[in-house]
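Colleague: Below are the sequence and a predicted model for it; my questions follow.
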Amino acid sequence: MNNDIRNAMKLLSSFLLVITFSVISLKGQSPQGTLKIFSDNPLVVYVDETHYPQYGEILLAPGTHWVKAINADGARVYSQIVTVKNGEVTSVLIEAPQAGNPSTQTAAAQTAAAQPEPVQESKQDPAKPSETEAPAAPVQTIDIGQTGGILPADMSGAFGLTFGMSTGDVDEIMSPKSAQAQRNTGYNVYAIPKGSSFCIVECRFIDKKLFQIIVGYVSTSTDKSKLKLNKGEVPVPEFNQMLNDVTAVYGPAGTAERIFLGGYTDDDGRLLEALKKKKALLLHKWTDPATGNYIMVGLGYTTAPLAATIYTSGPMSADAAARKLRIHAYDYHKSFKDNYFSN
């Protein structure tokens, strides 16, 4: 299994940071069962508190699992313990609640009976949101470390991790989420199952303190010609989803670069070819002005298109640059672009 998992990490490493060690693929894991979730409406699905953006076919270890589903309005519509058996498919149909649901009516009656006095209805315009009502969380389309669709306002981490955490604290949080982990001097790498796919998360440390989190997905779409794209999107769904989710939290990127070399241009229709020849890089960056922390969403190529979201501590990365820190072949004294095109 170690040899399999190595292949996937290599894809993430070589794109982002040209990591020279061998990596991860989740094939060959056993035992496993399959959970399939069906619904007419889009849902945000969690299994054992792990978000699964693609929930049509989720590979899980045999046993009992807590399945929770939230609709587009942020309301929980399903919360049950489900049993998954080795080598078998468990199917769950989640339907929208019916208006006349008896349990809903009973709960409403009990609530009304518990009120000593009638409550006067608000005269507020229903079209206008309440001033005290919390804004709805963005609809999450891919797991890049959000909690309920949200990332920290100061860009200080992801997956419940915060910059400055010790290697031990990071490992305590990430290991339960992972199918396998590699712990190394200066960095840890975690392979996290995502339905029939997975993502690779690399956590980097300076003085044994977390300062960077890298989340990578190898593109799983095999026929890019059949993808339906909106204006400005590229034929790599994982990159589009990352870009949409980060933008939903922080607004438009501060900088958005589409770099083409070797005669390729942004409008020649040869993006995938340019990426494959390492003659193109898409890079969007958000920066928190108060902390200097920043997030990058990038698209490059190894043996397949690879999308990545990178969370970085501003102060600690400045320290890494001053010390000319190197992790793998990545030189923190150089820019991301220089590292990518020079390796």
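Modeller: Ah, there it is. Numbering: from 1, shown residues only.

Colleague: Which secondary structure element is home to Pro289?
Modeller: Of the helices and strands defined by DSSP states H and E, none includes Pro289.

Colleague: do the same with Thr247
Modeller: Assigned by DSSP H and E, Thr247 falls in helix 237-250.

Colleague: So for that helix, mean pLDDT?
Modeller: Helix 237-250 carries an average pLDDT of 92.

Colleague: ok, and for the helix or strand following it, which residues are buried?
Modeller: On the C-terminal side of helix 237-250, the nearest following helix or strand under DSSP H and E is strand 255-260. Across strand 255-260, burial judged by 16 or more other CB atoms under 10 Å covers Phe260. For the C-beta atoms, the positions are set from N, CA and C on the backbone; glycine is no exception.

Colleague: What is the neighbour count of the closest residue to Leu35 other than its chain neighbours?
Modeller: Nearest residue to Leu35, sequence neighbours excluded (CB to CB, 6 or more residues apart in numbering): Ile58, at 4.4 Å. Counted with other CB atoms under 10 Å, the neighbours of Ile58 add up to 23.

Colleague: Ile58 and Lys194: what is the separation?
Modeller: Here the criterion is CB to CB, to the nearest Å. By it, Ile58 lies 8 Å from Lys194.

Colleague: Apart from its neighbours in sequence, what residue is nearest Val92?
Modeller: By the measure of CB to CB, 6+ apart, the closest residue to Val92 outside its immediate chain neighbours is Ile37, 5.0 Å from it.

Colleague: Equivalent analysis for Gly186, please.
Modeller: Leaving aside its sequence neighbours, Gly186 sits nearest to Ile327 (CB to CB, 6+ apart; 5.3 Å).

Colleague: unless I'm mixing things up, His333 is touching Ala318, no?
Modeller: No - in this structure, His333 is not within contact of Ala318 by CB atoms under 8 Å, at 10.9 Å.

Colleague: Put the alpha carbons of stretch 295-306 into PDB.
Modeller: These are the backbone C-alpha positions of stretch 295-306, laid out as PDB (Å, rounded to 0.1, in the frame of the first residue of the first chain):
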ATOM      1  CA  ILE A 295      -3.900  31.900   0.200                       C
ATOM      2  CA  MET A 296      -3.000  30.800  -3.300                       C
ATOM      3  CA  VAL A 297      -5.100  28.700  -5.600                       C
ATOM      4  CA  GLY A 298      -2.900  27.300  -8.500                       C
ATOM      5  CA  LEU A 299      -3.200  25.000 -11.500                       C
ATOM      6  CA  GLY A 300      -0.100  23.200 -12.900                       C
ATOM      7  CA  TYR A 301       0.800  19.900 -14.400                       C
ATOM      8  CA  THR A 302       2.800  16.800 -13.400                       C
ATOM      9  CA  THR A 303       1.500  13.600 -15.100                       C
ATOM     10  CA  ALA A 304      -2.000  15.100 -15.000                       C
ATOM     11  CA  PRO A 305      -3.500  18.500 -14.300                       C
ATOM     12  CA  LEU A 306      -3.200  19.200 -10.600                       C
END
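
Colleague: List the contacts of that stretch.
Modeller: Stretch 295-306 has contacts (CB atoms under 8 Å, 6 or more residues apart in numbering) with 10-12, 14-16, 151, 155, 216-219, 234, 236, 239, 242-243, 246, 250, 253, 272, 275-278, 280-286, 307-312, 336, 340.

Colleague: What residues sit buried inside it?
Modeller: Ile295, Met296, Val297, Gly298, Leu299, Gly300, Tyr301, Thr302, Ala304, Pro305, Leu306.

Colleague: Figure out how far that stretch is from the centre of its chain.
Modeller: Per CA atoms, centre = their mean, to the nearest Å, the displacement of stretch 295-306 from the mean C-alpha position of its chain is 14 Å.

Colleague: Next: stretch 64-77.
Modeller: Relative to the mean C-alpha coordinate of its chain, stretch 64-77 is positioned 18 Å out (CA atoms, centre = their mean).
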